[in-house]
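A.B. asks: Fold the following and give me the result.
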Amino acid sequence: MTTVVAADTRAPIVETVGDVPLGRLAERVGSTPFFAYDRALLTDRIALLRSALPDDVELGYALKANPMPAVVQHLSGLVDALDIASAGEMRVALDTPMPAHRVSFAGPGKTDAELAQAVAAGVIVELESEAEAMRLATIGERLGVGPRVAVRVNPDFRVRGSGMRMGGGPQQFGIDAERVPALLTELARSDLDLLGFHVFAGSQNLDAEILAQAQRKTAELLLRLADASPTAVRYLNIGGGFGIPYSERDEPLDLVAVGENLENLLRDAIRPSLPSAQVVVELGRYIVGECGVYVTRIVDRKVSRGKTFLVVDGGLHHQLAASGNFGQVIRRNYPVAVATSVARPSETVSVVGCLCTPLDVLADDVELPRAEVGELVVIFQAGAYGLTASPTAFLSHPAPVEVLV
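C.D. replies: Prediction:
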């Protein structure tokens, strides 16, 4: 993905995605809007993570960030495990070369049908409640298959600075840490194959020291629970939560510092107690978020009481997150550009979608090269939580194409 800043304007312009000129890619796709994901950037991202994380930490990809089959197929050959949150994602994961025993199934509200599919496939079920554990034991008995499970723990601490907190306090996610020992006693009397534990405390964190503190607290908690486990702990999913920058104010995560902290934790705490446990860092947004763009075409240019609007054929029905309606407390613009290789004077505009709601704003009061009807606008950081995290049925517009380039 190639971007430049023209000499006579502060606004970025974009030229290529995956070494394909953007205009040519639009012709290849055949319609706008569309999502394009860069295969080489995905590969490079995994290489970056491998270089920073300890050698004996396994890397998992969470499909919820981007479940496009071609993306998952590509990543399945680069990561060590896949994490799913539905039967639909399970089908995508099991269609890849990734072995089923390297797939984990997390999330509240799993139905009996989903649990049965998971048991039959042999994936790890991460238990979200005591009741789910009992239902799973019954399903395993009916199928004659011993379910492979890990306990998802709702930690007794909160993580500051996370875009979404998914641990600490009352949560629909996981089993409260103080209740886990009693559950372990119950699991010892069942036919469930208890592998270990999973903690995911929060997402989208850009502060390496806060992440380090969370990882240290997670390790302390999991080692306490391991002491109470009736079986040897073979699996520790310590979550992820690595953030990516979405605006100029965001400083990129210091990945080296995060890796060094994990190295120290493994050496000083985890390995002395659990020398053979599979330790997994599970990431979604950090892997795919910066590797994708959303491309939409200007269909109208209008001025209303002195404010210029570029009206495009896309919108929040495809990119809810970029509109500020997915996890943002205070709306901030995603990086945005005009697809041109020609330097032009810049202007302040708002990029708005084609939906009948004032919420449909993709970029508000941004400086861009002057653009006309028919030209392409590109929203960056669109590789994660884009299409599948958006209300695609709103106003019944057609779904956009997704391509891996």
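A.B. asks: use CA for all of it now, contacts and neighbours both
C.D. replies: OK.
A.B. asks: Would you map out the domains in the chain?
C.D. replies: Domain segmentation of the chain under automatic domain parsing yields 2-37+289-404, 67-283.
A.B. asks: could I get the ones you listed as JSON lines with mean neighbour count?
C.D. replies: Output for these, formatted as JSON lines (neighbours: other CA atoms under 10 Å):
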{"stretch": "domain 2-37+289-404", "mean neighbour count": "19"}
{"stretch": "domain 67-283", "mean neighbour count": "19"}
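A.B. asks: out of those domains, which comes closest to Asp56?
C.D. replies: domain 67-283 (7.5 Å; CA to CA).
A.B. asks: What score does Thr2 have for pLDDT?
C.D. replies: Looking at Thr2, its pLDDT reads 62.
A.B. asks: helices or strands up against the helix or strand hosting Val311?
C.D. replies: Following DSSP states H and E, one finds Val311 within strand 307-312. Applying 3 or more CA pairs under 8 Å, 6 or more residues apart in numbering; DSSP states H and E, one finds that strand 307-312 contacts strand 292-304, strand 346-352.
A.B. asks: angle of it against strand 346-352?
C.D. replies: If you take axes from the mean of the first three to the mean of the last three CA atoms, to 10 degrees, strand 307-312 sits at 60 degrees to strand 346-352.
A.B. asks: Provide the strand pairings for strand 307-312, with the direction of each partner.
C.D. replies: Here strand 307-312 is paired, per DSSP bridges, with strand 292-304 (antiparallel), strand 346-352 (parallel).
A.B. asks: neighbouring contacts of that strand?
C.D. replies: Identification of contacts with strand 307-312 by CA atoms under 8 Å, 6 or more residues apart in numbering yields 296-303, 348-354.
A.B. asks: From the chain's centroid, how far away is it?
C.D. replies: 30 Å (CA atoms, centre = their mean, to the nearest Å).
A.B. asks: How about stretch 90-98?
C.D. replies: Distance, stretch centre to chain centre, for stretch 90-98: 17 Å (CA atoms, centre = their mean).
A.B. asks: Name the nearest residue to Pro69, ignoring sequence neighbours.
C.D. replies: If the residues on either side of it in the chain are set aside, Pro69 comes closest to Val92, at 6.0 Å by CA to CA, 6 or more residues apart in numbering.
A.B. asks: Which of the three states applies to the one you found?
C.D. replies: Per DSSP: H, G, I helix; E, B strand; the rest coil, the secondary structure class of Val92 is helix.
A.B. asks: same question, Leu368
C.D. replies: strand.
A.B. asks: so it sits right up against Val349, yeah?
C.D. replies: Yes: under the criterion of CA atoms under 8 Å, Leu368 makes contact with Val349 at 7.1 Å.
A.B. asks: Asp207 and Ala106, how far apart?
C.D. replies: Relative to Ala106, Asp207 is positioned 25 Å away (CA to CA, to the nearest Å).
A.B. asks: nope, Gln381 is what I was after
C.D. replies: As judged by CA to CA, Gln381 and Ala106 stand 25 Å apart.
A.B. asks: which residue ranges form the strands in the stretch 301-405 of the chain?
C.D. replies: 307-312, 336-338, 346-352, 361-369, 376-379, 401-404 (DSSP state E, counting those that start in this stretch).
A.B. asks: beta partners for Ala81?
C.D. replies: Under the criterion used (DSSP bridges), Ala81 bridges to Gly60.
A.B. asks: I meant to write Lys307 there.
C.D. replies: Ser304.
A.B. asks: Glu126 now?
C.D. replies: Ala150.
A.B. asks: That one touches Val151, doesn't it?
C.D. replies: Yes: look at Glu126 against Val151 with CA under 8 Å: they come within range, at 5.5 Å.
A.B. asks: Quick check: neighbours shared by the two?
C.D. replies: Contacts common to Glu126 and Val151, judged by CA under 8 Å, 6+ apart, are Phe197, His198.
A.B. asks: what's the closest of the strands of the stretch 301-405 of the chain to Ile330?
C.D. replies: Closest to Ile330 of the strands of the stretch 301-405 of the chain, according to CA to CA: strand 361-369, at 12.8 Å.
A.B. asks: So what angle separates the directions of the closest one and strand 307-312?
C.D. replies: Here the directions of strand 361-369 and strand 307-312 differ by 110 degrees (the same axes, to 10 degrees).
A.B. asks: Just the residues contacting the helix or strand encompassing Tyr286, thanks.
C.D. replies: If you go by DSSP H and E, Tyr286 is part of helix 285-288. Residues from elsewhere that reach helix 285-288 (CA under 8 Å, 6+ apart): 42, 45-46, 61, 65-66, 204, 242-244, 383-385.
A.B. asks: do the same with stretch 372-380
C.D. replies: Contacts of stretch 372-380 (CA under 8 Å, 6+ apart): 14, 290, 292-301, 322, 334-339.
A.B. asks: Send me that stretch as CSV with only the CA atoms.
C.D. replies: What follows is stretch 372-380, C-alpha atoms only, in CSV (Å, rounded to 0.1, in the frame of the first residue of the first chain):
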residue,chain,number,x,y,z
GLU,A,372,-14.5,15.9,-7.9
VAL,A,373,-17.4,13.6,-8.6
GLY,A,374,-16.2,10.2,-9.8
GLU,A,375,-13.0,10.2,-7.9
LEU,A,376,-12.1,7.6,-5.2
VAL,A,377,-11.7,8.3,-1.5
VAL,A,378,-9.8,5.8,0.7
ILE,A,379,-10.3,5.1,4.4
PHE,A,380,-7.3,3.6,6.0
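A.B. asks: That one - what's its average pLDDT?
C.D. replies: 96.
A.B. asks: Also stretch 140-147?
C.D. replies: The pLDDT scores in stretch 140-147 average 97.
A.B. asks: do stretch 310-323 as well
C.D. replies: Average pLDDT, stretch 310-323: 96.
A.B. asks: need the contact list for Ala40.
C.D. replies: By CA under 8 Å, 6+ apart, the contact list for Ala40 reads Gly18.
A.B. asks: wait, doesn't Met90 sit right on Leu82?
C.D. replies: No: assessed by CA under 8 Å, Met90 is found out of contact with Leu82, at 9.3 Å.
A.B. asks: Kindly provide the distance from the nearest residue to Thr392 once chain neighbours are set aside to Cys354.
C.D. replies: The shortest distance from Thr392 to any non-neighbouring residue, by CA to CA, 6+ apart, is to His317 (4.7 Å). Distance of His317 to Cys354, given as CA to CA: 9 Å.
A.B. asks: With Glu114 instead?
C.D. replies: With distances taken as CA to CA, Glu114 is found 37 Å from Cys354.
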